[in-house]
Every structure is written in C-alpha cells, then in structure tokens.
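Engineer: this one's structure only:
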Ligand SMILES: *Cc1c(COP(=O)(O)O)cnc(C)c1O
C-alpha cells in the first residue's frame, strides 16, 4: 500500500514512511492511494474476535509490507493488553436505540490512547531498523498530549515536545502530561490557543532549518497511523450490533475531525454505516461547513469540552479531498486560499460528497448539561462533557428506530469533574490506576506565543536525526 498527499505534490510513501513522516512535504495529509474493502463474508468472519485480533485484521491491508502478520499481531496484543477492560472498547446500552462506545479504558482515560498506544510501538519498531532519531512535536488541546507522552516516555530514539495552551486544559489533563518525568519528555505551555499551538507545529514541519536537522514526527491525527488504529473500534462496535447484516450510525464528538474521519474510512472499507453525526460545541466550524458549505474560522471560545475547542480541523482536508474527487491540484489551491483568508466555500461536488454519509449538530453549554443529566437519570451513567455533546447530537437525530446509534464516549467523566458535578451534583472519582496525580510534582516550560522561541527551545533539547 502506498500513501499519497491530499495536495498532490509529495512523493508517495509506504506505511513505515508515512508513520515516521506525519505531514507531507507539500503541506498536505497522507491517505492510502486506494481503499481496501472487506466483503460481507469477510466481515461476518470477524464477529466475536478478541479486540487485538480484530485490530490486526483491519490494519493489515494498510500496513502492507512494512510489518509481517505475526509482528503486527504481536504489536496489537501489546498495545491493547494494557487496557483496563478486556473488551478494550466496550459498548454500553443506554436505551432501545442508543449506545455508548467507551473508548477511555487506556492509561490516560481518553480515546487518544487507543491509537497512541499502538503508535508508540510502531515508532519504536521502525526506528530500531535504522540509525535515525525521531523528534516528535505535537500540539494538544488536552488529551493527545498525555496519551502521546505515556506512549513514548522512555522509548529509545524518540524525544517528544508537547505544546499546550496555558490555562486552557483541565487540571487533570495538564497533570497527566507534566507529572511524567522521563528524560525524553518536554512539556511546553504557550500563551495562546490550541490553534496557535497547532499552527506552530505545522510551521515546524515546513521549516527546513528544523525539519532537516531533526526528523520531525507527528502524534496528532495528521499522522495516518493514528486514524488507522481508530478505524478498528467502528468495526468492533458495528459487528457487535449486527453488522454486516445491519446498518449502524455513529455520533462523534469532533474537534480536529480525526475520530470521525476514521468512521468514514470504515465505511469506505465496506462497514455498513448508515450515518456519521459530527457533533461540535460552540466552536462549530465543522458543523457550519457540513450544514451550509461555509468553512470559515472564527475565534476559539473556551468551553467545558476543551478537546473540541478548535476552529481549524486539520483532518477536514482529508474529507474534502475525498468528497471532491481526489483532486490534489484543486486542494492545493483551495487550502492556500484558506490559509490566506481563514475562510472558504466547499465546492458543489464537496457538498454533495459529504452529504451522503455525514450530518452535523452543535451543542451549547445547556445542551451539554442536559445530555449529561439524561444519561445520569435514565441510565445511571456519568458521562464527560465531550461525550455529552455527542449524545446530544445522537438524541436529536431523526434516524429510524431500527438503526442503532452509537455515541463515542471519548473521555472518562473523572477527567472533567467540574462539568459533571455542575450537571449531576455528583463528582466522579479518578480510577485508581492513574495514581495520585495531585501529589506529584509538575514540570513544564512556559514560553510566549512565538514560533521562534518554541523552535529555539526544541533545537536546544532535541537529538539530530542521525
Ligand atoms: C481529541 C478529543 C476529541 C476530538 O477528537 P478529534 O479526532 O480531534 O475530532 C473529542 N473528545 C475528546 C475527549 C478528545 O480527547
């Protein structure tokens, strides 16, 4: 399998190359050159498989020649063996039609672990084959940072720099990053928003002075391997609910559009997905784009669901490329225009293409609180603010009753205790496995919202590529 850039101007790479590269050299994002497809009989044969085995089957066509089947299976066993639930991503029923897919049983209590536990192992595997070192530079709205740090702490040949917006992540989220004291982990807080942090990361990939001396890798969902790992749980859930014989819908709390794009990939692979509901908070660029064709970035409004406080959804570019007929030259021009204007219109082809599978909804603070109360009162289920936004959108949808609707539960409620308490009056407790975060010393470096300052810090602490 080869991977091509959404902007048509980068050399194609194999799976190993794309995992270690992150962003394409033309500024685009990598996608497989063709979608592998499973037949109904192949999917029926996957029903009931243990999660790591299912993961190896779904990932195999994407991994291609980069890993043997045995090696891939063994990495999946290691990555998912550490989850606190044997099902890895268990389904919980809320009502006759509604389900939660719990994605927070990994070490840092959010769905990011599902992909990053695998990605950390892939980095180690591929770096061991060469004499090169990887410098990971990431931006986090909260959950990617801790999941990435836990996935690569103390791994050989990798140094990680994680940039978070100062004061805009929850205490639990920050402490899950800053209390990891491995020698290869550097936390940076900047005076800015998540979008500022993400823009710095993208700039560093394009900066020849940095991305020549250092081999800069990505742990954000611009990295294809992350999305690949997330495709697996769409299959796991749908197969449990009757696929391939029955169609299933998903509601996905969305920020950078990575998680919901993995659902799109599952559909392209043959999984019978009736609908993908893109749920946003008041930072609703994805909702506006899908409902009106207007993709224009406003200012970020901080909310109780900080991992969705994003105005520019990187992975939306992948969907536009697909929906627009895979026109790399057209994407190059469209994205250059967007980067200049911070606004663009979707083409008619893109609107028609996205409309087939996607719907969207937006939830404000009250909608979120109401969904948390509904889950608590109807099912005795505490849910986090991000999940609540997904559930709000799921409950609003007009899907026929025979279509199960699965809301992705993207974080453990104890990661956001204030919002849960505001809605339900009950403060959720952190599971014991995360330890006493509040007793540990925090380590991070505070820098201004200035690319040069961040680049200088990274250059001073990273290991050159070879
Ligand atoms: C990252 C995150 C999201 C948004 O996921 P995207 O892939 O960026 O769309 C939603 N909820 C939680 C808890 C997250 O950590």
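Structural biologist: Cool, got the structure. It should be emphasised that the depicted structure is a prediction, and the values quoted were computed from it without experimental measurement.
Engineer: nearest spatial neighbour of residue 465, skipping sequence neighbours?
Structural biologist: Spatially, and ignoring its direct neighbours in sequence, residue 465 is nearest to residue 215 (4.1 Å; Cβ to Cβ, 6 or more residues apart in numbering). Quick note: C-beta positions are derived from backbone N, CA and C, even for glycine.
Engineer: got the residues of the stretch 351-466 of the chain near the ligand?
Structural biologist: For the stretch 351-466 of the chain, the residues in contact with the ligand (Cβ under 6 Å from any ligand atom) are 386, 410-411.
Engineer: where along the stretch 1-150 of the chain do the helices fall?
Structural biologist: 15-21, 40-44, 51-63, 69-81, 112-128, 143-152 (DSSP state H, counting those that start in this stretch).
Engineer: Mean neighbour count, those helices: which tops it?
Structural biologist: The highest average neighbour count among the helices of the stretch 1-150 of the chain, using mean count of other Cβ atoms under 10 Å, belongs to helix 143-152 at a mean of 28.
Engineer: so that helix versus helix 69-81, what angle?
Structural biologist: Using axes from the mean of the first three to the mean of the last three Cα atoms, to 10 degrees, the inter-axis angle of helix 143-152 relative to helix 69-81 is 120 degrees.
Engineer: hmm, helix 143-152 in reach of the ligand?
Structural biologist: Yes - Helix 143-152 lies within reach of the ligand by Cβ under 6 Å from any ligand atom, at residue 143.
Engineer: For the lowest-mean-pLDDT helix or strand in the chain, name the packing helices and strands.
Structural biologist: Within the chain, no helix or strand scores below helix 194-206, which has a mean of 90 by mean pLDDT, DSSP states H and E. Here helix 194-206 touches strand 134-139, strand 158-165, strand 185-190, helix 451-461, going by 3 or more Cβ pairs under 8 Å, 6 or more residues apart in numbering; DSSP states H and E.
Engineer: Recalculate using a threshold of 7 Å.
Structural biologist: With contacts taken as 3 or more Cβ pairs under 7 Å, 6 or more residues apart in numbering; DSSP states H and E, helix 194-206 sits against strand 134-139, strand 158-165, helix 451-461.
Engineer: got TSV for these, with mean neighbour count and mean pLDDT too?
Structural biologist: As requested, these are exported to TSV (neighbours: other Cβ atoms under 10 Å; pLDDT from 0 to 100):
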stretch	mean neighbour count	mean pLDDT
strand 134-139	27	95
strand 158-165	25	96
helix 451-461	15	97
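Engineer: before we move on, back to that, most surrounded residue in the residues of the stretch 351-466 of the chain next to the ligand?
Structural biologist: Using other Cβ atoms under 10 Å as the neighbour criterion, residue 386 leads these with 32 neighbours.
Engineer: how close does it sit to residue 415?
Structural biologist: 9 Å (Cβ to Cβ, to the nearest Å).
Engineer: Equivalent analysis for residue 313, please.
Structural biologist: Residue 313 is 21 Å from residue 415, where distance means Cβ to Cβ.
Engineer: about what we covered before: of all the residues of the stretch 351-466 of the chain next to the ligand, which comes closest to residue 119?
Structural biologist: Taking Cβ to Cβ as the measure, residue 119 lies nearest residue 410 of these, at 17.2 Å.
Engineer: ok, that closest one - contacts?
Structural biologist: The neighbourhood of residue 410, defined by Cβ atoms under 7 Å, 6 or more residues apart in numbering, consists of 103, 110-111, 253, 386-387.
Engineer: Quick check: residue 409 touching residue 102?
Structural biologist: Yes - look at residue 409 against residue 102 with Cβ atoms under 7 Å: they come within range, at 4.8 Å.
Engineer: Neighbour count for these two, which is higher?
Structural biologist: Ranked by neighbour count (other Cβ under 10 Å), residue 409 and residue 102 place residue 409 first, with 29 against 23.
Engineer: The residue in the stretch 51-200 of the chain that the ligand sits nearest to: what's its closest spatial neighbour, skipping adjacent residues?
Structural biologist: Of all residues in the stretch 51-200 of the chain, residue 143 sits closest to the ligand, at 3.1 Å by Cβ to the nearest ligand atom. Nearest non-adjacent residue to residue 143, counting by Cβ to Cβ, 6+ apart: residue 110, 3.8 Å away.
Engineer: Beta-bridge partners for the one you found, please?
Structural biologist: residue 411 (DSSP bridges).
Engineer: ok, it - contacts?
Structural biologist: Residue 110 neighbours (Cβ under 7 Å, 6+ apart): 104, 143, 147, 410-411, 415.
Engineer: ok, now with 10 Å
Structural biologist: Counting by Cβ atoms under 10 Å, 6 or more residues apart in numbering, residue 110 touches 103-104, 116, 142-144, 146-147, 173, 176, 307, 384, 386, 409-412, 415.
Engineer: Tell me how confident the model is about stretch 356-376, as a mean pLDDT.
Structural biologist: The average of the pLDDT scores along stretch 356-376 is 97.
Engineer: start to end distance for it?
Structural biologist: Stretch 356-376 stretches 33 Å from its first residue to its last (Cα to Cα, to the nearest Å).
Engineer: same check, this time on stretch 269-278
Structural biologist: Criterion Cα to Cα; first-to-last residue distance in stretch 269-278 is 20 Å.
Engineer: So is it next to the ligand?
Structural biologist: No - looking at stretch 269-278 against the ligand by Cβ under 6 Å from any ligand atom, there are no contacts, and the closest approach is 8.6 Å.
Engineer: Report the mean confidence score over that stretch.
Structural biologist: 98.
Engineer: Mutual contacts of residue 386 and residue 415, please.
Structural biologist: With Cβ under 10 Å, 6+ apart as the test, residue 386 and residue 415 both reach 110, 142-143, 307.
Engineer: Of those residues, which one scores lowest on pLDDT?
Structural biologist: Among those, residue 142 carries the weakest pLDDT, at 76.
Engineer: picking up where we left off before, show me whatever sits in contact with both of residue 409 and residue 102.
Structural biologist: Between them, residue 409 and residue 102 share the contacting residues 89-92, 111, 381, 383, 387, judged by Cβ under 10 Å, 6+ apart.
Engineer: Spell out which two among those residues are the most distant pair, please.
Structural biologist: 111 and 381 (16.9 Å).
Engineer: okay, these two: which has more neighbours?
Structural biologist: Just comparing residue 111 and residue 381: by other Cβ under 10 Å the higher neighbour count belongs to residue 111, 31 against 19.
Engineer: thought that one was touching residue 259?
Structural biologist: Yes - the pair residue 111 / residue 259 is scored as a contact, 6.7 Å apart, by Cβ atoms under 10 Å.
Engineer: who touches both of those two?
Structural biologist: Common neighbours of residue 111 and residue 259 (criterion: Cβ under 10 Å, 6+ apart): 103, 230, 233, 252-253, 408, 410.
Engineer: Which one of these sits in the busiest neighbourhood?
Structural biologist: residue 253 (32 neighbours).
Engineer: Can you tell me how far that one is from the ligand?
Structural biologist: 4 Å (Cβ to the nearest ligand atom, to the nearest Å).
Engineer: what does the stretch 201-350 of the chain put close to the ligand?
Structural biologist: 221, 253-259, 307-308.
Engineer: can you rerun that using 5 Å?
Structural biologist: 253-256, 258-259, 307 (Cβ under 5 Å from any ligand atom).
Engineer: Just these: which are in strands?
Structural biologist: Secondary structure from DSSP state E places residue 253 of these in strands.
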